[in-house]
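Participant: below are the sequence and a predicted model for it; my questions follow.
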Amino acid sequence: GAVVSQHPSRVICKSGTSVKIECRSLDFQATTMFWYRQFPKKSLMLMATSNEGSKATYEQGVEKDKFLINHASLTLSTLTVTSAHPEDSSFYICSARELPRGRGGTGELFFGEGSRLTVL
Amino acid sequence: GEDVEQSLFLSVREGDSSVINCTYTDSSSTYLYWYKQEPGAGLQLLTYIFSNMDMKQDQRLTVLLNKKDKHLSLRIADTQTGDSAIYFCAEESPYNQGGKLIFGQGTELSVKP
């Protein structure tokens, strides 16, 4: 089946540094990618919707300048946590929606395995 | 706005059936999903149901949808210890840009031997 790869799977950084997380669709093209944040024992909170070649759409309450999202190609989206602080420590999960049926895909949605960020 | 609610915990004995319930508010939902998350891992799609269906069965899993009451359930037959995980229901509406999913809080299923 289709695979979405996130890298790194775990990252520890010092407060004040920036961290980039990649989300790649390995064997399909994704028109749309979604970034979620999950706190321990909590649900997934949608942070933003990223469309290839255009600006990401952020959910209410999510700081655009803090969480920079770039969707440079149909197979890659990146989330950069800028000037990370301990409260940014979380599990970040991306999902990718394949091209719709009219464009040669299935329109299905696939999730990555997540990236755990720990800010010291 | 959209909202999805689940009970937080469920404990069953191995071999029993588990029923996890979910309610949602968006009447325009087209697809409803069940995902499984094991500790420290990502989400695994278990099954989904289209909104014009009442029931879907897939091996040990049975999904029931009551669209009138906006109630979704997942039944796991012959529950095993390996089924212990957090289960999320999620709804998708065509009116949500790009088809984003709205998740419930997750139900932690504990299976005791």
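Facilitator: Happy to help now that I have it. Numbering: from 1, shown residues only, chains lettered A, B, ... in the order given.
Participant: helix, strand, or coil at the residue of chain A most remote from its centre?
Facilitator: Distance from the C-alpha centroid of chain A peaks at residue A:102, with 25.2 Å (Cα atoms, centre = their mean). The local conformation at residue A:102, judged by DSSP: H, G, I helix; E, B strand; the rest coil, is helix.
Participant: that one and chain B, how far apart?
Facilitator: 14 Å (Cβ to the nearest Cβ, to the nearest Å). All C-beta atoms are positioned from the backbone trio N, CA, C, and that covers glycine.
Participant: measure that residue to residue A:31 for me?
Facilitator: 11 Å (Cβ to Cβ, to the nearest Å).
Participant: I'd say residue A:4 and residue A:23 touch.
Facilitator: Yes: using Cβ atoms under 8 Å, residue A:4 is in contact with residue A:23, at 6.5 Å.
Participant: which one's more surrounded, those two?
Facilitator: A count of neighbours by other Cβ atoms under 10 Å in any protein chain shown puts residue A:23 above the other of residue A:4 and residue A:23, at 28 against 24.
Participant: wait, a helix at the more buried one?
Facilitator: No: checked against three-state DSSP, residue A:23 lies outside a helix; its state is strand.
Participant: contacting residues for it?
Facilitator: A:4-6, A:33, A:35, A:76-79, A:94, A:96, A:112 (Cβ atoms under 8 Å, 6 or more residues apart in numbering or on different chains).
Participant: identify, from the residues you listed, the entry nearest to chain B.
Facilitator: Using Cβ to the nearest Cβ, residue A:112 comes nearest to chain B of the contacts of residue A:23, at 5.7 Å.
Participant: leaving out sequence neighbours, find the closest residue to that closest one.
Facilitator: Of all residues not flanking residue A:112 in the chain, residue A:6 sits nearest, at 3.8 Å (Cβ to Cβ, 6 or more residues apart in numbering or on different chains).
Participant: in terms of helices and strands, where is the one you found?
Facilitator: strand A:4-7 (DSSP states H and E).
Participant: pull the CA atoms of that strand into PDB?
Facilitator: Presented in PDB, the C-alpha positions along strand A:4-7 are these (Å, rounded to 0.1, in the frame of the first residue of the first chain):
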ATOM      1  CA  VAL A   4       4.000   8.200   3.900                       C
ATOM      2  CA  SER A   5       7.400   8.700   5.400                       C
ATOM      3  CA  GLN A   6       8.200  11.200   8.100                       C
ATOM      4  CA  HIS A   7      11.700  12.200   9.000                       C
END
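Participant: the next helix or strand after it and chain B in contact?
Facilitator: Next in sequence after strand A:4-7, counting helices and strands by DSSP H and E, comes strand A:10-13. No: applying Cβ under 8 Å from any Cβ of the partner chain, one finds strand A:10-13 separated from chain B by no less than 9.3 Å.
Participant: what sits up against strand A:10-13?
Facilitator: So strand A:10-13 is in contact with A:19, A:21, A:84, A:115-120, going by Cβ under 8 Å, 6+ apart.
Participant: quick one, which of those residues are buried?
Facilitator: Neighbour counting by 16 or more other Cβ atoms under 10 Å in any protein chain shown classes A:19, A:21, A:84, A:115, A:117, A:119 among the contacts of strand A:10-13 as buried.
Participant: make TSV from these and add pLDDT to it.
Facilitator: Output for the buried ones among the contacts of strand A:10-13, formatted as TSV (pLDDT from 0 to 100):
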residue	pLDDT
A:19	97
A:21	97
A:84	96
A:115	95
A:117	96
A:119	96
